[in-house]
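> Provided below are the primary sequence and the corresponding predicted coordinates.
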Amino acid sequence: MNPEDLKIPTHVSIIMDGNGRWAKKRGMPRTFGHKRGAEVVMDICRESSDLGIKYLTIYAFSTENWNRPELEVRTLMTLFGRYLKICYDEAKKNNMCVRVIGDRTGLSADLQEKIREMEEGTADFTGFHLQIAINYGSRDEMLRAMKRMMEDYKEGKISAGDVDEAHFGSYLDTADIPDPDLMIRTSGELRLSNYLMWQHAYSEFYFTDTAWPDFSREELLKAIEAYTMRDRRYGRV
Ligand code: FPP
């Protein structure tokens, strides 16, 4: 497909799966796959912005991932710490707003501080929006939203009549972020895994067998091509 015929989605969400299997295939520990995966995150962020995508949301750590071996969890947390620092530097250079979604109260004080600094420092940037889901689960997000709504109700700030889709959405971690147009999951699994279940209500899904550490601009373009074709088929362009 000619690049000018591509319909670029405004918001792409990604489940970055397959780091462990990718490493195992190479006789390396799973953590090796995560390290390579972190480098790919940086590349794909740049490529997305270059292609004209405005919002990218990546699933870095789910509420279920705490059940992984301790060393793997520790390595991932160390990688997030390092990545947040690099990401903040890139964001300042490239007018990029970065937000973390998920229950950050479950993260270390050090990570929470890094997140706070980065979010405050990039809040006014508008060139590109990166959302990183850490300690994120859709059910958890909806329950947290519901609890906050109930508090507001108790305090008389809202009434039952105020509650509609937009109002509920404003209590979610993704408030003010448009819903994803295209969801990509790598490495052959065909599940949503508790990821943005409210926000993905109308998204197109694209699954690839490519493992996340092998994901590239070419793979991203293939997903966007599939997205463009689907849109044509349903006569929405
Ligand atoms: C799934 O692969 C991947 C994860 C649980 C973590 C995703 C993390 C990264 C891509 C690296 C760090 C991210 C940032 C933002 C710095 P898996 O371990 O489930 O692989 P498997 O299915 O082959 O076992």
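In hand now; what should we look at?

> and the helix or strand harbouring Met150, how far out from the chain's middle?
Element membership for Met150, per DSSP states H and E: helix 138-154. Relative to its chain's centre, helix 138-154 lies at 21 Å (Cα atoms, centre = their mean, to the nearest Å).

> average pLDDT across it?
For helix 138-154, mean pLDDT rounds to 98.

> Give me the contact list for that helix.
The contact list for helix 138-154 (Cβ atoms under 8 Å, 6 or more residues apart in numbering) reads 63, 101-103, 158-160, 163, 168, 171-173, 194-198. (Glycine included, C-beta is placed from N, CA and C.)

> Can you select the buried ones from those residues in PyMOL?
The PyMOL command for the buried members of those (criterion: 16 or more other Cβ atoms under 10 Å) is given here:
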select buried, resi 63+101+102+103+158+171+172+173+194+195+196
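
> Okay, and which of the contacts of helix 138-154 map to helices?
Among the contacts of helix 138-154, the residues falling in helices (DSSP state H) are Phe168.

> Which ones, among the contacts of helix 138-154, also lie beside the ligand?
Among the contacts of helix 138-154, no residue lies close to the ligand (Cβ under 6 Å from any ligand atom).

> ok, now how distant is the residue in the chain sticking out farthest from the centre from Phe168?
Each residue of the chain has a distance to the centre, and by Cα atoms, centre = their mean the biggest one is for Gly156: 33.8 Å. Distance, Gly156 to Phe168, by Cβ to Cβ, to the nearest Å: 19 Å.

> since we're on the closest residue to Arg30 other than its chain neighbours, how many residues are nearby?
Using Cβ to Cβ, 6 or more residues apart in numbering and skipping residues adjacent in sequence, the residue nearest Arg30 is Gly20, 4.1 Å away. Neighbourhood size, Gly20 [other Cβ atoms under 10 Å]: 20.
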